[in-house]
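>>> sequence? don't have it. structure:
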DNA sequence: CAGATGGCGCCTTTTACTTCA
DNA sequence: TTTGAAGTAAAAGGCGCCATC
């Protein structure tokens, strides 16, 4: 069984300066942080995900690390957090996509059924032509009398959706501007 | 007010190290 | 036991943003 460097060196940080070379001029060996150091940094990260210079120095001193090491650890830790969050967001969007796909399928089916109904039983067509008027702004059927403002109008309204895509308005978008709504009163 | 400078965070890449088949 | 591939964490380097001078 291999003994990890972590066990061997136990996180003995060195507190050399900031350079990437050691005193021999060769590139500095990477040192894994000890479990204790990592755990302490984790705890610190829970309190604040970024450090001011004072906190960085204090932490470095406490853990016997170079401030740069502490800084880099926090940088990498933030990156890991972000990556994890991105994965979570991605899963959420996938689920949204699935839901919308399913709803779309259902609506297509409903539309087909309504079209079939329209061709086989066009009973509303027997209504006097003058009673059905189309609102030019929203393309819904408006009626002249209160009497036929019920079933016939609603069915015609439903059918008049035809094959237009269903558009969900964004917060700042108005599908039916106020003046058009007034037309139905 | 525009430009120089330094500090900091983020992103990408490199590198050293670990794990596992 | 050895070895190479894959994965991970530490670190480097570059860039942009912001504050200060």
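Now that the structure is in, tell me what you want to look at. In this text the structure is predicted, and so the values were computed from the model without any measurement. Residues are numbered from 1 along each chain as shown, chains lettered A, B, ... in the order given.
>>> Next to DNA strand C, which bits of chain A? Give me the list.
A:19-20, A:28, A:30-33, A:38, A:68-69, A:72-73, A:75-76, A:80 (Cβ under 7 Å from any atom of the strand). C-beta: built from backbone N, CA, C; applies to glycine.
>>> Identify all contacting residues around stretch A:45-54.
Contacts to stretch A:45-54, defined as Cβ atoms under 8 Å, 6 or more residues apart in numbering, come from residues A:55, A:59, A:70-71, A:74, A:77-78, A:81.
>>> domain parsing for chain A?
Following automatic domain parsing, chain A resolves into domains at A:32-121, A:123-161.
>>> Which of those comes out lowest on mean pLDDT?
If you rank those by mean pLDDT, domain A:123-161 sits at the bottom with a mean of 49.
>>> Pop out the phi and psi values for residue A:48.
With angles defined as degrees, to the nearest 10, residue A:48 sits at phi -150, psi 130.
>>> Could you report the distance from it to residue A:42?
Residue A:48 sits at a distance of 12 Å from residue A:42 (criterion: Cβ to Cβ, to the nearest Å).
>>> roughly how far apart are residue A:108 and DNA strand B?
38 Å (Cβ to the nearest atom of the strand, to the nearest Å).
>>> other SSEs contacting the helix or strand harbouring residue A:101?
Per DSSP states H and E: residue A:101 is located in helix A:67-120. Contacts defined by 3 or more Cβ pairs under 8 Å, 6 or more residues apart in numbering; DSSP states H and E place helix A:67-120 against helix A:35-47, helix A:53-63, helix A:151-159.
>>> Make TSV out of those helices and add mean neighbour count.
Shown next, in TSV, are these (neighbours: other Cβ atoms under 10 Å):
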stretch	mean neighbour count
helix A:35-47	14
helix A:53-63	15
helix A:151-159	16
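>>> closest one to DNA strand B among these?
helix A:53-63 (4.1 Å; Cβ to the nearest atom of the strand).
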